[in-house]
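Chemist: Everything below, folded, please.
(chains A, B, C and D)
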Protein chains: 2
Amino acid sequence: MAGAAASRMPEIRAAALELFTLHGYEATTMAAIGARVGVRGPSLYKHVASKQELLAGIMVATMDALLAEHARATAGTADPTERLRRAVDAHVRYHARNRLEAFVGNREIRSLVEPHRSAVLSRRAEYELRFRTLVDDGVAAGRFRVSSARLASYAILDLGMGVAAWFRADGELGENEVSWQYTEFALRLVGAD
Amino acid sequence: MAGAAASRMPEIRAAALELFTLHGYEATTMAAIGARVGVRGPSLYKHVASKQELLAGIMVATMDALLAEHARATAGTADPTERLRRAVDAHVRYHARNRLEAFVGNREIRSLVEPHRSAVLSRRAEYELRFRTLVDDGVAAGRFRVSSARLASYAILDLGMGVAAWFRADGELGENEVSWQYTEFALRLVGAD
DNA sequence: TCCAGGAGCTAATCATTGTTAGCCGATGGA
DNA sequence: TCCATCGGCTAACAATGATTAGCTCCTGGA
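Modeler: Prediction:
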């Protein structure tokens, strides 16, 4: 039954993700994760190598997805303002749609052991660098006005993390409004024309 | 020796703060905190009621300090732009100067048990409300242009948290530069004139 | 000089947890 | 029909770690 086995993993991962978000990695027990999928703690080891692998799998996949979204979003145009707009839109939407992943991805780096830790950190650095480059390009083209592209990119990234922290799909602000507003914030922030 | 006893507490609190920041509350052991002040784990109980009290003390004090800074900063003027500028300046500087406190204050809420949790959350809500009010006032006075004061205040608060996450006193960007830049970011973000 | 209390230590308690071992029922292909 | 494998279960292991108990040493005031 390779099919059934495969169908159990997403369920387990989702359960772990929710609990990691709610209580943190350290405070989440394998028994609790098992309970969410109707199974005892030890039974999880039929599907997962360890609790750490579970976390690592979630985090690495999250960063890869984020990088992929970014690439897709910025692929279509060369205009600095439009590129930044699309990148921020993708950034915010990802953090709104996948708030648990993004939340855990940001907060649990310290719970990761090597080599997963480095794997995630290097992807994060790459992601930040891409935003910084977008800002730099805009400045070079005379379209943005910022003193420090680094600070601006940090600020934009932090906005996304904020979204992951408070966004709720059933909240009064929908994904579109938030994305629109935050994109506007980011463009204002870099002094886009 | 009440004097000597009192002098040990700040040391212990500082050690706990560093470790909570580095590894998180759950992953920090009383033995590790003790080691930082040259003492065995159990000896800490001569000074502290529990690990939880240690965390609660740090977090409540942090929020109170932040609220006090905010009040001091905004006390001097009635001009919306200037009030927001000063509030953001205080916000950013606090997060830069007390990055460990701010970092732990933001991230370890889930490790707090009642009634400390509510105590911290209500202070946080109060702090956010003050920023939202500043934005609302500016909009009402026709000085700011934002669609959602709530989103704007969230964004501004998130910027501060970001600072606490990456700021380093010995980094290439000093407190003044960061404060200046971020204040600018915030004013641009709300569309200040 | 004497003693109370402060502050540290080790040993012990008690609970929790990740993980492994070994067992068992269902199931689906041969 | 029969058996291998999947996937679950309980029991057991081995750490770990917060907290308590009880002892000891030092110090400063009387």
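Chemist: rest of the way, CA atoms for contacts and neighbours
Modeler: Noted.
Chemist: touching DNA strand C at all, the lowest-mean-pLDDT helix or strand in chain A?
Modeler: The weakest-scoring helix or strand in chain A, judged by mean pLDDT, DSSP states H and E, is helix A:2-23 (a mean of 83). No: using Cα under 7 Å from any atom of the strand, helix A:2-23 never reaches DNA strand C; the gap is at least 9.4 Å.
Chemist: Flag every buried residue along that helix.
Modeler: A:I12, A:R13, A:A14, A:A15, A:A16, A:L17, A:E18, A:L19, A:F20, A:T21 (16 or more other Cα atoms under 10 Å in any protein chain shown).
Chemist: which among those residues gets closest to DNA strand D?
Modeler: A:I12 (9.7 Å; Cα to the nearest atom of the strand).
Chemist: For the spatially closest residue to the closest one that is not a sequence neighbour, which residues are in contact?
Modeler: Spatial nearest neighbour of A:I12, chain neighbours left out: A:V37 (6.5 Å); criterion: Cα to Cα, 6 or more residues apart in numbering or on different chains. A:V37 makes contacts with A:E11, A:I12, A:A15, as judged by Cα atoms under 8 Å, 6 or more residues apart in numbering or on different chains.
Chemist: and A:E26, what does it touch?
Modeler: A:S111, B:E26, B:A27.
Chemist: show me which of those residues neighbour DNA strand D.
Modeler: Answer for these near DNA strand D (Cα under 7 Å from any atom of the strand): B:E26, B:A27.
Chemist: Identify, from the contacts of A:E26, the entry nearest to A:H91.
Modeler: A:S111 (24.0 Å; Cα to Cα).
Chemist: In which helix or strand does the residue nearest in space to the middle of chain A reside?
Modeler: Closest residue to the average C-alpha location of chain A: A:A102 at 3.3 Å, with Cα atoms, centre = their mean. Here A:A102 sits within helix A:99-107, counting by DSSP states H and E.
Chemist: Buried residues, whichever helix or strand comes after that helix. List them.
Modeler: Downstream of helix A:99-107, the first helix or strand assigned by DSSP H and E is helix A:116-140. Buried residues in helix A:116-140, counted by 16+ other Cα under 10 Å: A:116-117, A:120, A:123-124, A:127-128, A:130-132, A:134-139.
Chemist: Flag every residue of chain A that's near chain B.
Modeler: Applying Cα under 8 Å from any Cα of the partner chain, we find that chain A lies next to chain B at A:22-24, A:26-27, A:107, A:110-111, A:147-148, A:151, A:154-155, A:158-159, A:161-162, A:178, A:181, A:185-186, A:188-191.
Chemist: From these, keep the buried residues only.
Modeler: Here, 16+ other Cα under 10 Å leaves A:24, A:27, A:107, A:111, A:148, A:151, A:154-155, A:158-159, A:161-162, A:178, A:181, A:185-186, A:188-191 buried among the residues of chain A next to chain B.
Chemist: Among those, which ones are in helices?
Modeler: A:107, A:151, A:154-155, A:158-159, A:161-162, A:178, A:181, A:185-186, A:188-189 (DSSP state H).
Chemist: Please convert those to TSV, extending it with distance to DNA strand C and pLDDT.
Modeler: TSV is the format used below for those (distance: Cα to the nearest atom of the strand, whole Å; pLDDT from 0 to 100):
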residue	distance to DNA strand C	pLDDT
A:R107	17	94
A:L151	37	94
A:Y154	33	95
A:A155	34	95
A:D158	30	95
A:L159	31	95
A:M161	26	93
A:G162	27	93
A:V178	36	95
A:Q181	40	95
A:F185	40	95
A:A186	39	96
A:R188	44	95
A:L189	42	95
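Chemist: Contact partners for the residue nearest to the centre of chain A?
Modeler: A:A102 neighbours (Cα under 8 Å, 6+ apart): A:T62, A:H95, A:M161, A:A164.
Chemist: Considering the residues you listed, which possesses the most neighbours?
Modeler: A:M161 (27 neighbours; other Cα atoms under 10 Å in any protein chain shown).
Chemist: where's it relative to A:P42, distance?
Modeler: For A:M161, the distance to A:P42 (Cα to Cα, to the nearest Å) stands at 34 Å.
Chemist: Next: A:Q181.
Modeler: For A:Q181 relative to A:P42 (Cα to Cα), the value is 46 Å.
Chemist: cool, and A:H116?
Modeler: 23 Å.
Chemist: Ok, A:E172 next?
Modeler: Separation of A:E172 from A:P42 (Cα to Cα): 41 Å.
Chemist: Could I get the buried residue list for stretch A:33-53?
Modeler: A:I33, A:G34, A:R36, A:V37, A:L44, A:K51.
Chemist: Reformat those as TSV; add pLDDT and secondary structure.
Modeler: Below are the buried residues of stretch A:33-53 laid out as TSV (pLDDT from 0 to 100; DSSP: H, G, I helix; E, B strand; the rest coil):
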residue	pLDDT	secondary structure
A:I33	97	helix
A:G34	97	helix
A:R36	96	helix
A:V37	95	coil
A:L44	96	helix
A:K51	97	helix
